[in-house]
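Colleague: kindly generate the corresponding structure for this input.
(chains A, B, C and D)
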Protein chains: 2
Amino acid sequence: MSPTAADLTGAARIREAAMARFPRDGFEGTTVRAIAEDAGVSPALVVHHFGSKKELRAACDAYVIDRIRSVKEDAITSGKLDDPATISGGFQMAPPLIRYLGWALASGSAAAAGLFDEMVDESMRLSELAEEQGAMEPSTDLRARCALQIAMQMGALAMQDHLERALGVDLLSPEGVMRMSRATLELFSGGMFPPGQAEAMRKALDTAIENTRKEGSDG
Amino acid sequence: MSPTAADLTGAARIREAAMARFPRDGFEGTTVRAIAEDAGVSPALVVHHFGSKKELRAACDAYVIDRIRSVKEDAITSGKLDDPATISGGFQMAPPLIRYLGWALASGSAAAAGLFDEMVDESMRLSELAEEQGAMEPSTDLRARCALQIAMQMGALAMQDHLERALGVDLLSPEGVMRMSRATLELFSGGMFPPGQAEAMRKALDTAIENTRKEGSDG
DNA sequence: CCGCTGGCTGAACACGTATTTAGAATACTG
DNA sequence: CAGTATTCTAAATACGTGTTCAGCCAGCGG
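Modeller: The predicted model follows:
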């Protein structure tokens, strides 16, 4: 059971409050006073424990990223990376963690940037493995594909509110996670374009690239 | 040619400066004084023209969204929605516009939320059309698929910095746009999963959904 | 010339902010 | 129990913020 009650240490309650406030109101938009009040604590205690507001943010970043990293590592070492249960489980980590991650990535946290890069590397590692085994068609630009994939998945987290509004569902509820998993699968397995159109677009895009290159070398 | 010079009216220069600052520093993190300085203008002029900082933000929202809406409508009425040139052209709108849109969506602007919803509706309209014509396999959850697609594409905008860092390219340069277009096409036309795996995951996911439903009705 | 309108400014104001300081309450150790 | 470190707080401080206000200055009709 997650420690929602007030039986947390003061520092933990402060961190918890900050993790909820920052994504909602932004860093500058969140006041130390508000965090302290949410935590049932005096503003002075915040700086006593964390040194300053900036350092509090850094502590939140580190905490969130650490927990996410560990979940990710568990999934990798257990070898159940594409098990839907693993995926769903991962996204059903304490909702504040997910929400915070989306915000941290969208608002330029250095620590979150590190996590992003790791994810891209991991995705490339897996893709290269799949290509070597001949299980997947080689990409013409693997790095771009993997980076974009991670960016889209993480970006969807930053669009959480919009998705929930559009679907009328709490995204991190079991139903929400299932609908998202299903939709992700459909999208990434060719559900978006009619079969013929994809190939046509690919060709059109290649000639467009060719043209751009010519124009570029002209000017 | 875009008016980058100082031959803009004061109000326009202020709006331009705000559009550059807000995505970088956040709304609360941006000071009226900084905007004024960027615009080569006194802080008092900002409120003289826009009334208040909040209203300035609303004006930026309206301006950006209006311009993006018009580009989108042009693409729709000209019927060249899947022409790569149209797509590239759309993304090569003045970079500040794109960057601002990503930020506005990620930071909960009401106006941007309206645009998001429109995009989802438009995507659904197109998908339904394609399904009726038998050009596309019907989805089990069309709304979720379209909403997620838009969320991922817009979310990628909010991850712009991370993508550029990962690829070492200015995303809104011709090269960047082309690489992203190509990667998007690959991802959304089945490039991510090996053919067999997609079907396996779909089945696994369906049984997982079934199990969840049972557990849910148990408790 | 006057009067006057509108873009524009410098200096001030009121207020909310993060942070400091001195010290109270509490728990822990010998 | 005394001594001590730790957790925590109320009040005060220094400062940055958005905003106001009184008025300057260019342009222009009469």
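Colleague: residue contacts, the residue nearest to A:Phe27 when sequence neighbours are not counted?
Modeller: Leaving out its chain neighbours, the residue that sits closest to A:Phe27 by CB to CB, 6 or more residues apart in numbering or on different chains is A:Arg57, at 6.0 Å. For every residue, glycine as well, the C-beta is placed using N, CA and C. When contacts are counted by CB atoms under 8 Å, 6 or more residues apart in numbering or on different chains, A:Arg57 touches A:Ala18, A:Phe22, A:Phe27, A:Ser109.
Colleague: how about A:Gly114?
Modeller: If you count contacts by CB under 8 Å, 6+ apart, A:Gly114 has them with A:Ile65.
Colleague: check chain A and tell me which residue is nearest its centre.
Modeller: A:Met154 (3.2 Å; CA atoms, centre = their mean).
Colleague: burial check on the one residue in chain A that gets nearest to DNA strand D, number of neighbours?
Modeller: Closest residue of chain A to DNA strand D, CB to the nearest atom of the strand: A:Gly10 (2.6 Å). Applying other CB atoms under 10 Å in any protein chain shown, we find 15 residues neighbouring A:Gly10.
Colleague: try A:Glu37
Modeller: Per other CB under 10 Å, the neighbour tally for A:Glu37 reads 13.
Colleague: helix or strand for it, which one?
Modeller: Assigned by DSSP states H and E, A:Glu37 belongs to helix A:32-39.
Colleague: so does that helix get close to DNA strand C?
Modeller: Yes: contact of helix A:32-39 with DNA strand C (CB under 7 Å from any atom of the strand) involves A:Val32, A:Arg33.
Colleague: what does chain A have sitting close to DNA strand C?
Modeller: For chain A, the residues in contact with DNA strand C (CB under 7 Å from any atom of the strand) are A:Thr30, A:Thr31, A:Val32, A:Arg33, A:Pro43, A:Ala44, A:Val46, A:Val47, A:Ser52, A:Lys53, A:Lys54.
Colleague: residues contacting the first one?
Modeller: If I follow you right, that is A:Thr30. A:Ala18, A:Arg21, A:Phe22, A:Arg24.
Colleague: for it, what are phi and psi?
Modeller: When quoted as degrees, to the nearest 10, the phi and psi of A:Thr30 stand at phi -100, psi 130.
Colleague: which stretches of chain A have low pLDDT?
Modeller: Where chain A drops to pLDDT under 70, the residues are A:1-7, A:80-85, A:191, A:194-195, A:209, A:211-219.
Colleague: all the helices of it, in order from the start?
Modeller: A:10-25, A:32-39, A:43-50, A:53-77, A:84-91, A:95-106, A:110-132, A:142-158, A:160-167, A:174-186, A:195-218 (DSSP state H).
Colleague: which of the ones you listed sits most buried?
Modeller: Greatest average neighbour count among the helices of chain A goes to helix A:142-158 (a mean of 25), per mean count of other CB atoms under 10 Å in any protein chain shown.
Colleague: are it and chain B in contact anywhere?
Modeller: Yes: contact of helix A:142-158 with chain B (CB under 8 Å from any CB of the partner chain) involves A:143-145, A:147-149, A:151-158.
Colleague: counting by contacts, list what that helix packs against.
Modeller: Where contact means 3 or more CB pairs under 8 Å, 6 or more residues apart in numbering or on different chains; DSSP states H and E, helix A:142-158 is packed against helix A:95-106, helix A:110-132, helix B:142-158, helix B:160-167, helix B:174-186.
Colleague: dump those into a markdown table; add distance to B:Arg99 as well.
Modeller: Formatted as a markdown table, those follow (distance: least, CB to CB, whole Å):
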| stretch | distance to B:Arg99 |
| --- | --- |
| helix A:95-106 | 12 |
| helix A:110-132 | 17 |
| helix B:142-158 | 8 |
| helix B:160-167 | 6 |
| helix B:174-186 | 13 |
